[in-house]
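1. Task: produce atomic coordinates for the following.
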Amino acid sequence: MTSLTMEHIPLRSAYLCQDCDCVGNCATQCPACASAALLSLAVVLNRDERGVAIPMAEFAFAPQMAA
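-> Next up is the predicted model:
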């Protein structure tokens, strides 16, 4: 793939067409097939626009008891 064919689409504006499986940045219709069946990738991937990390669970480790 050359740099002339590569494109950059931010996740918050990326939409997956459910008819032709193309990704575009238009929220109203697919740029490839003009379908209106679009799915927001940011919503599906559960990304926060502010970039705040999701807190991880904390685990406490205790010594094992010998039998």
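2. Strands of the protein, residue ranges please.
-> Counting by DSSP state E, the chain has strands at residues 15-17, 23-24, 38-40.
3. To Glu7, which of those strands lies closest?
-> strand 23-24 (9.3 Å; CB to CB). For glycine as for every other residue, the C-beta is placed from the backbone atoms N, C-alpha and C.
4. what comes up buried for the helix or strand of the chain with the lowest mean pLDDT?
-> Of all helical and strand segments in the chain, the minimum by mean pLDDT, DSSP states H and E falls on helix 41-44, at a mean of 88. Buried positions in helix 41-44, judged by neighbour count with 16 or more other CB atoms under 10 Å: Leu41.
5. ok, now stretch 16-32?
-> 16-17, 23-24, 30.
6. and of those residues, the nearest to Met6?
-> Among the buried residues of stretch 16-32, and counting by CB to CB, the member closest to Met6 is Val23, at 12.9 Å.
7. who touches the closest one in this structure?
-> Under the criterion of CB atoms under 8 Å, 6 or more residues apart in numbering, the neighbours of Val23 are 9, 14-17, 41.
8. Tabulate the residues you listed (CSV), appending distance to Ala34.
-> Shown next, in CSV, are the contacts of Val23 (distance: CB to CB, whole Å):
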residue, distance to Ala34
Ile9, 18
Ala14, 18
Tyr15, 13
Leu16, 15
Cys17, 9
Leu41, 19
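9. So among those residues, where is pLDDT lowest?
-> The pLDDT minimum for the contacts of Val23 sits at Ile9, where the score is 87.
10. wait, it sits on Cys22?
-> No. With contact defined as CB atoms under 8 Å, Ile9 and Cys22 do not form a contacting pair (11.1 Å).
11. hmm, back to that, just name the closest of the buried residues of stretch 16-32 to Leu45, please.
-> Among those, and counting by CB to CB, the member closest to Leu45 is Leu16, at 10.4 Å.
12. Name the nearest residue to that closest one, sequence neighbours excluded.
-> Leu39 (4.7 Å; CB to CB, 6 or more residues apart in numbering).
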